[in-house]
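Peer 1: here is the input, now give the coordinates:
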Amino acid sequence: MPFAKESFFNTISFRIFAFFWLTFSLLSILIFSIPYFDSRIYSELSEKELSAYQQEIITSIRHNQIARILAGVPLSHAERFDGIRPVLVDDVDDSSILGATATEIPLLTQFMFSSSDPTRPLKKVFGDVRIVGPFSIHLGGEANKSYTLYFIDRVNAQKEIMSFVFANPALLVGLIILVSTPLLWWLARSIGKPIRNLQMSAKAVALGDFKINKDLETKGSLELRQVGQSFNQMTESLEELLSSQQVLLSSISHELRTPLTRLQLALALLRRRFGEDNTEIHRIEIEARRLDKMINDLLLLSRQQLHSHVSREIFPINELWEEVLDDAIFEAKHRKLNFVVRQNITQPARYYVNGNKALLVSAIENIVRNALKYTQSEIRVSIFLKRQELMIVIDDNGHGLDEAEYEKIFQPFYRVDETRTRETGGTGLGLAIVANVVKEHHGAVWANASQLGGLCVTLCIPLWITS
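Peer 2: Predicted coordinates:
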């Protein structure tokens, strides 16, 4: 039967990508969520810092910085960019901000929105501006008013390009993707390519090619190279095992043939002595021929199991049935049987099969000849494509089989009827050979009841799909 199409989502390359982007997404969410949970964004002052800023308030009053701010004296260049300077906000009208530049007012307004408790002053950095506050002060004398005081000073700014990147999260994410994607793709390829090589080598072994692939031991990560080395060792062991079985099979064949040949020679001598009409000698000859055929079939089955992938070729599918059916039609006409062929494939020469043509043709011929043996008057052969498989269905109108025997007939040495087997000369290995051939070509064969009243045997052989 055909292999199920593997989903791309099950590949190791996709999994690496998926887990990477999942991790990256979670990290991105975490990074962008930190500002909402990290207290350091608006940090509380330590005891030491609080004492220092309280001292700074006293210094500002002594040096008349507060007075100059209230008097509207413009800030000097040094006051704007060097050191710490106070900013006043009217408690009655918080939109009245004194001592801040035009660029600092929006920053201070944002800071005031998040930090408005004088008993718990905070600090925060906006680019190159640090704001600390609020502190509550009350000015006596003529002013006799309360103000909220903030301190502003300059800090070392990050480089402009980095500031721009960090100020634009989308650009930061895009930069990470741009840098990481080629690296990650290289990682996925470096892991996936050795695995694909291993997969191709495994398929080659399944098709009978026991050639060692040294790339499995030299390319890829350490773990994959170790797996490749173990795979090559397994391949060598399989080749040695099959070679030893081949030698054993040849020895068994010779040992079985020798006594059978002697038996046939003795029968020839007996026939010469007692004549051609001796019933006992004739009976022994029949059994000797049956034994010879059984040995041939058994050796053929064993050789197929050992060498099923040898002499494979890619050939058009019509070469499987044309000669077999021509011979069968000729025999059916001679026996006055109705032999119908329904070939429902347009231009079958366009489709191909990868396999041992002689074995596949023999399997089809075996089923057709069984139908010729057991049919009463009619045989129907249907040939068509189903998905990516060649289907050959052979029906007859013989006596058929019980449903319980549909699977058993493909087992070695299984006989439906001993009497019928003796009459037709069967050994119980024909359909077992067919099943083995089809299985080795990744196909399937099964039997069921025919619409004609007899037996229906279906062959399913995968097509060779070119890229």
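Peer 1: tell me where the chain has strands.
Peer 2: Along the chain, counting by DSSP state E, strands occupy 43-44, 85-90, 97-98, 122-126, 129-139, 145-154, 313-316, 338-343, 352-355, 378-386, 389-396, 444-449, 455-462.
Peer 1: just send the ones you listed back as CSV, with mean pLDDT too.
Peer 2: Converted to CSV, the strands of the chain look like this (pLDDT from 0 to 100):
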stretch, mean pLDDT
strand 43-44, 82
strand 85-90, 87
strand 97-98, 84
strand 122-126, 84
strand 129-139, 86
strand 145-154, 86
strand 313-316, 90
strand 338-343, 95
strand 352-355, 90
strand 378-386, 95
strand 389-396, 95
strand 444-449, 94
strand 455-462, 95
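Peer 1: could you dump these into TSV and include distance to residue 110 and mean neighbour count?
Peer 2: Quick note: C-beta positions are derived from backbone N, CA and C, even for glycine. Below are the strands of the chain laid out as TSV (distance: least, C-beta to C-beta, whole Å; neighbours: other C-beta atoms under 10 Å):
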stretch	distance to residue 110	mean neighbour count
strand 43-44	16	14
strand 85-90	13	21
strand 97-98	12	16
strand 122-126	8	17
strand 129-139	9	19
strand 145-154	12	19
strand 313-316	75	13
strand 338-343	83	14
strand 352-355	73	20
strand 378-386	71	18
strand 389-396	71	21
strand 444-449	74	16
strand 455-462	70	22
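Peer 1: for residue 244, find the nearest of these.
Peer 2: Comparing these against residue 244 with C-beta to C-beta, the closest turns out to be strand 352-355 (25.8 Å).
Peer 1: list of residues touching that closest one?
Peer 2: Contact with strand 352-355 is made by 312-317, 320, 360, 390, 441, 461-464, 466, as judged by C-beta atoms under 8 Å, 6 or more residues apart in numbering.
Peer 1: adjacent strands (with direction) for it?
Peer 2: strand 313-316 (antiparallel) (DSSP bridges).
Peer 1: which residues touch the residue nearest to residue 396 when sequence neighbours are not counted?
Peer 2: Distances taken as C-beta to C-beta, 6 or more residues apart in numbering place residue 375 nearest to residue 396, at 3.7 Å, with adjacent residues excluded. By C-beta under 8 Å, 6+ apart, the contact set of residue 375 is 337, 396, 397, 398, 454.
Peer 1: show me the contacts for residue 401.
Peer 2: Neighbouring residues of residue 401 by C-beta under 8 Å, 6+ apart: 409, 416, 447, 455.
Peer 1: quick check, nearest of these to residue 263?
Peer 2: Closest approach between the contacts of residue 401 and residue 263, by C-beta to C-beta: residue 416, at 28.6 Å.
Peer 1: ok, that closest one touching residue 406?
Peer 2: No - between residue 416 and residue 406 there is no contact under C-beta atoms under 8 Å: 10.7 Å.
Peer 1: ranking helices and strands of the protein by mean pLDDT, which lands last?
Peer 2: Sorting the helices and strands of the chain by mean pLDDT, DSSP states H and E puts helix 418-424 at the bottom, at a mean of 50.
Peer 1: minimum distance to residue 221: which of the strands of the chain has it?
Peer 2: strand 352-355 (32.7 Å).
Peer 1: what number of residues lie near residue 210?
Peer 2: 18 (other C-beta atoms under 10 Å).
Peer 1: need the pLDDT of it.
Peer 2: Residue 210 carries a pLDDT value of 79.
Peer 1: just the helices in this protein please.
Peer 2: Counting by DSSP state H, the chain has helices at residues 12-37, 47-62, 65-71, 77-81, 104-114, 160-167, 169-206, 215-218, 222-274, 279-307, 322-334, 357-374, 418-424, 430-440.
Peer 1: could those helices go into CSV alongside mean neighbour count and distance to residue 154?
Peer 2: Shown next, in CSV, are the helices of the chain (neighbours: other C-beta atoms under 10 Å; distance: least, C-beta to C-beta, whole Å):
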stretch, mean neighbour count, distance to residue 154
helix 12-37, 12, 22
helix 47-62, 13, 15
helix 65-71, 16, 16
helix 77-81, 11, 6
helix 104-114, 15, 10
helix 160-167, 11, 14
helix 169-206, 14, 25
helix 215-218, 17, 60
helix 222-274, 13, 54
helix 279-307, 15, 87
helix 322-334, 15, 93
helix 357-374, 20, 87
helix 418-424, 11, 106
helix 430-440, 21, 83
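Peer 1: between these, which gets the lowest average pLDDT?
Peer 2: When these are ranked by mean pLDDT, helix 418-424 comes last with a mean of 50.
Peer 1: contact partners for residue 324?
Peer 2: Residue 324 is in contact with 361, 364, 365, 368, counting by C-beta under 8 Å, 6+ apart.
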